[in-house]
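[1] here is a sequence together with a model predicted from it:
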There are 2 protein chains.
Amino acid sequence: MTTSPSTTSTTPDADAIDESLGARYGDAAPDTIESVNDVIALQLRHRSVRQFTSEDVSDDAVTAIVAAAQSASTSSNMQSWSVIEIRDPERKAAASELAGDQEFIRQAPVFLVFIADWARNRAIAKHHDQPDAGIDYLESTLVSFVDAGVAAQNAAIAAESLGLGITYVGSVRNNPIALSELLELPAGAFPVAGMAIGHPHPDDAARVKPRLPQDIVRHRETYTTPADSAIDAYDDALSAYYASQGSARPWSPTVLARVRDEASLRGRHVMREALEQRGLPSK
Amino acid sequence: MTTSPSTTSTTPDADAIDESLGARYGDAAPDTIESVNDVIALQLRHRSVRQFTSEDVSDDAVTAIVAAAQSASTSSNMQSWSVIEIRDPERKAAASELAGDQEFIRQAPVFLVFIADWARNRAIAKHHDQPDAGIDYLESTLVSFVDAGVAAQNAAIAAESLGLGITYVGSVRNNPIALSELLELPAGAFPVAGMAIGHPHPDDAARVKPRLPQDIVRHRETYTTPADSAIDAYDDALSAYYASQGSARPWSPTVLARVRDEASLRGRHVMREALEQRGLPSK
């Protein structure tokens, strides 16, 4: 026998899977999950990469990444999202400054900004001389934000499957009006999330971050409120993770700091007004 | 030579890729995309499956699917989403009735409902006797909706990698109050999207649905408004797709019907009030 059939490996290394599950769930990890294949193993290994090498990301790679994003489901096939691909160092620096002034955005060769885009469908209505008042409701804003998120995650998985690293950038909503002007967005288009993409730097220390135990997030048949003690246990697990990164932050204080009040939203408490100003009244 | 090293195939069949690209983009398909690997090929092949066999989906498979969902990025690690796994036929039928009365939801062995969940973080604030007024802003609602979408898409890819078929169900927002009661959601939790999961029935006729040409959705550096003629060309491509499915619907009329007015939203024009009623005022 000189040849063997070429098959896709669907049984990745069991030890590697257990390691990923351990990193993802800490002590709350299931013993194993038989169904994990290569694709799911890739998903389990996700970590946010904020340090990149100077190696470029090819146009062909971004074409594949965007094709994956477009292949994701979209509500009623409305395709009410777009993506802006920023490579120009000056524009990338300007975008970074508006989005929390983060060095890794400047460092990444590609910065994608996913856009809630009803401008295209407004243009279609105008082209056919038809009304488009249905876009003015919060439901439409939510549809485009969710669809942008769904598309972005396909982009993330595609990028990671190519050995690239990514980090989502929610702070594109810190200064949405100024960023919209920088990206020349028309009325009806609004930034949802950025994504820095590049080749992970060997020095990048980020690891898989532990999540809440699965039985807190997954509810069988009806919603179950977790016991306070379950959250306390997760706090401990996350503290251990951050200790390994050189700091010590349990989870709850992070949550408390984010939910406290208007000021915790870092300027994003005006999102409603910003959306309206940009042509998405979100009634 | 009696053995060969077991490697993950990363160069899927070129003809299959070209076929997927052709189905996805029609005449606007790029000649090829060199970067497409097995994972991206899986993403390109996505189609919504609405006809399932009676074969069950194992608990282990759902554990893998939810682990993948939890491994996706989440804004500031807030993890402000949950998922309800419905298997009970009576509850599934009741959920289906509230969500557009769709047969494939009853047929699917598993119906996941992804939830925007600030109830958990409200409970943490209460546990620590701290304020949580930051949750009352639209920004927080948007974060939880986007994060639910991002998590859901990882679930979709995980399910499809296991050979399962999925369809998103946005109509879980048609009757969100009644559905929230059925699922016993606490205040601060709200349905975002459902996902029917099962083994695709051999009779299921759905194919890959063509999307807008990539250069309409992907903007380089700044936003570019597409020419009306580009949309007209896509209309023709989608008409051909639907003709193959036994009907004939270009895209623009679908868009026009969805954006026209309040009535086009099928009851979802009250999303703002519904969210407030369920503890997410979205100021």
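    Okay, I see it. Keep in mind that what you see is a predicted model, and the values were worked out from it rather than measured.

[2] tell me the strands beside the longest strand along chain A, with direction?
    The strand spanning the most residues in chain A, taking DSSP state E as the definition, is strand A:189-198. Using DSSP bridges, strand A:189-198 pairs in its sheet with strand A:110-117 (antiparallel), strand A:165-169 (antiparallel).

[3] which of the ones you listed sits closest to residue A:100?
    Each of those has some distance to residue A:100 by Cβ to Cβ; the shortest is strand A:165-169, at 7.5 Å. (Glycine included, C-beta is placed from N, CA and C.)

[4] give the buried residues for the helix or strand following the closest one.
    Using DSSP states H and E, the next helix or strand after strand A:165-169 towards the C-terminus is helix A:176-182. Neighbour-count burial for helix A:176-182, counted by 16 or more other Cβ atoms under 10 Å in any protein chain shown, picks out A:176, A:177, A:179, A:180, A:182.

[5] and if you look at stretch A:122-133?
    By 16+ other Cβ under 10 Å, the buried positions in stretch A:122-133 come out as A:122, A:123, A:124, A:125, A:132, A:133.

[6] pull the residues that contact that stretch.
    Identification of contacts with stretch A:122-133 by Cβ atoms under 8 Å, 6 or more residues apart in numbering or on different chains yields A:121, A:135, A:187-188, A:279, B:225-226, B:228, B:231, B:252, B:255-256, B:259-262.

[7] work out the gap between stretch A:274-281 and the centre of the chain.
    In this view, stretch A:274-281 has its centroid 23 Å away from the chain centroid, taken as Cα atoms, centre = their mean, to the nearest Å.

[8] try stretch A:107-125
    Centre-to-centre, stretch A:107-125 and its host chain are 15 Å apart (Cα atoms, centre = their mean).

[9] the lowest-mean-pLDDT helix or strand in chain A vs chain B: in contact?
    Across the helices and strands of chain A, mean pLDDT, DSSP states H and E gives its lowest value to helix A:228-244, namely a mean of 86. Yes. Against chain B, helix A:228-244 shows contacts by Cβ under 8 Å from any Cβ of the partner chain at A:228, A:231, A:238.

[10] so does the longest helix seen in chain A get close to chain B?
    Secondary structure of chain A per DSSP state H: the longest helix is helix A:138-161. Yes. In terms of Cβ under 8 Å from any Cβ, part of helix A:138-161 sits within range of chain B, namely A:138-143, A:145-154, A:156-158, A:161.

[11] tell me the mean pLDDT over that helix?
    Mean per-residue pLDDT for helix A:138-161: 98.

[12] could you check the angle strand B:165-169 makes with that helix?
    Angle of helix A:138-161 versus strand B:165-169, following axes from the mean of the first three to the mean of the last three Cα atoms, to 10 degrees, is 150 degrees.

[13] gap between helix A:138-161 and the chain center?
    Offset of helix A:138-161 from its chain centre (Cα atoms, centre = their mean): 8 Å.

[14] and it, what's buried?
    Along helix A:138-161, these residues count as buried under the neighbour rule (16+ other Cβ under 10 Å): A:138-161.

[15] point out where the stretch 101-250 of chain A drops to low pLDDT.
    Along the stretch 101-250 of chain A, the parts satisfying pLDDT under 70 run over A:248.

[16] apply 90 and report the result again.
    A:205-207, A:228, A:230-233, A:235-250 (pLDDT under 90).

[17] and the residues of helix A:228-244 next to chain B, which are buried?
    The neighbour count (16+ other Cβ under 10 Å) marks A:231, A:238 as buried among those.

[18] which of the residues of helix A:228-244 next to chain B lies closest to chain B?
    Within those, the smallest distance to chain B is 5.1 Å, found for residue A:228 (Cβ to the nearest Cβ).

[19] what's the spacing between that closest one and residue A:94?
    Separation of residue A:228 from residue A:94 (Cβ to Cβ, to the nearest Å) stands at 45 Å.

[20] which residues touch residue A:41?
    A:12, A:16, A:17, A:20.

[21] which of those residues come close to chain B?
    Among these, the residues lying close to chain B (Cβ under 8 Å from any Cβ) are residue A:12.

[22] and the furthest pair within the contacts of residue A:41?
    Counting by Cβ to Cβ, the most remote pair of those is A:12 and A:20, 9.4 Å apart.

[23] those two: who's more crowded?
    The neighbour comparison of residue A:12 against residue A:20 (other Cβ atoms under 10 Å in any protein chain shown) goes to residue A:20, with 24 against 18.

[24] need the contact list for the more buried one.
    A:41, A:44, A:45, A:208.

[25] beyond whichever strand or helix holds it, next helix or strand please.
    Element membership of residue A:20, judged by DSSP H and E, is helix A:14-25. Sequence order places helix A:38-44 as the next helix or strand after helix A:14-25, per DSSP H and E.

[26] okay, now residue A:246: neighbour count?
    Applying other Cβ under 10 Å, we find 7 residues neighbouring residue A:246.

[27] give the contact list for the most centrally placed residue in chain A.
    Geometric centre of chain A, nearest residue: residue A:168, 4.3 Å, by Cα atoms, centre = their mean. Neighbouring residues of residue A:168 by Cβ under 8 Å, 6+ apart: A:48, A:152, A:156, A:193, A:194, A:195, B:73, B:75, B:150.

[28] tell me the one of those nearest residue B:27?
    Distance to residue B:27, by Cβ to Cβ, is smallest for residue A:152 among those, at 26.9 Å.

[29] list the contacts of the closest residue to residue A:141 other than its chain neighbours.
    Nearest residue to residue A:141 in three dimensions, chain neighbours excluded: residue A:282, at 4.4 Å (Cβ to Cβ, 6 or more residues apart in numbering or on different chains). Residues near residue A:282 by Cβ under 8 Å, 6+ apart: A:136, A:137, A:138, A:140, A:141, A:272, A:275, A:276, B:138, B:272.

[30] in JSON lines: those, plus distance to residue B:36.
    As requested, the contacts of residue A:282 are exported to JSON lines (distance: Cβ to Cβ, whole Å):
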{"residue": "A:136", "distance to residue B:36": "39"}
{"residue": "A:137", "distance to residue B:36": "38"}
{"residue": "A:138", "distance to residue B:36": "37"}
{"residue": "A:140", "distance to residue B:36": "33"}
{"residue": "A:141", "distance to residue B:36": "33"}
{"residue": "A:272", "distance to residue B:36": "41"}
{"residue": "A:275", "distance to residue B:36": "36"}
{"residue": "A:276", "distance to residue B:36": "41"}
{"residue": "B:138", "distance to residue B:36": "38"}
{"residue": "B:272", "distance to residue B:36": "41"}
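
[31] that older thread, next, format the contacts of residue A:41 as JSON lines and append pLDDT.
    Shown next, in JSON lines, are those (pLDDT from 0 to 100):
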{"residue": "A:12", "pLDDT": "77"}
{"residue": "A:16", "pLDDT": "87"}
{"residue": "A:17", "pLDDT": "89"}
{"residue": "A:20", "pLDDT": "88"}
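
[32] want to throw the contacts of residue A:41 into TSV with distance to residue A:33?
    Shown next, in TSV, are the contacts of residue A:41 (distance: Cβ to Cβ, whole Å):
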residue	distance to residue A:33
A:12	11
A:16	13
A:17	7
A:20	10
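
[33] now, which of the contacts of residue A:41 sits nearest residue A:266?
    So of the contacts of residue A:41, ranked by how close each gets to residue A:266 (Cβ to Cβ), first place is residue A:20, at 32.2 Å.

[34] neighbours around residue A:101, how many?
    12.

[35] and what of residue A:106?
    Close neighbours of residue A:106, defined as other Cβ under 10 Å, add up to 17.

[36] which element is it on?
    Short version: residue A:106 belongs to helix A:103-107, going by DSSP H and E.

[37] please name every helix or strand in contact with that helix.
    Using 3 or more Cβ pairs under 8 Å, 6 or more residues apart in numbering or on different chains; DSSP states H and E, the elements in contact with helix A:103-107 are helix A:89-98, strand A:189-198.
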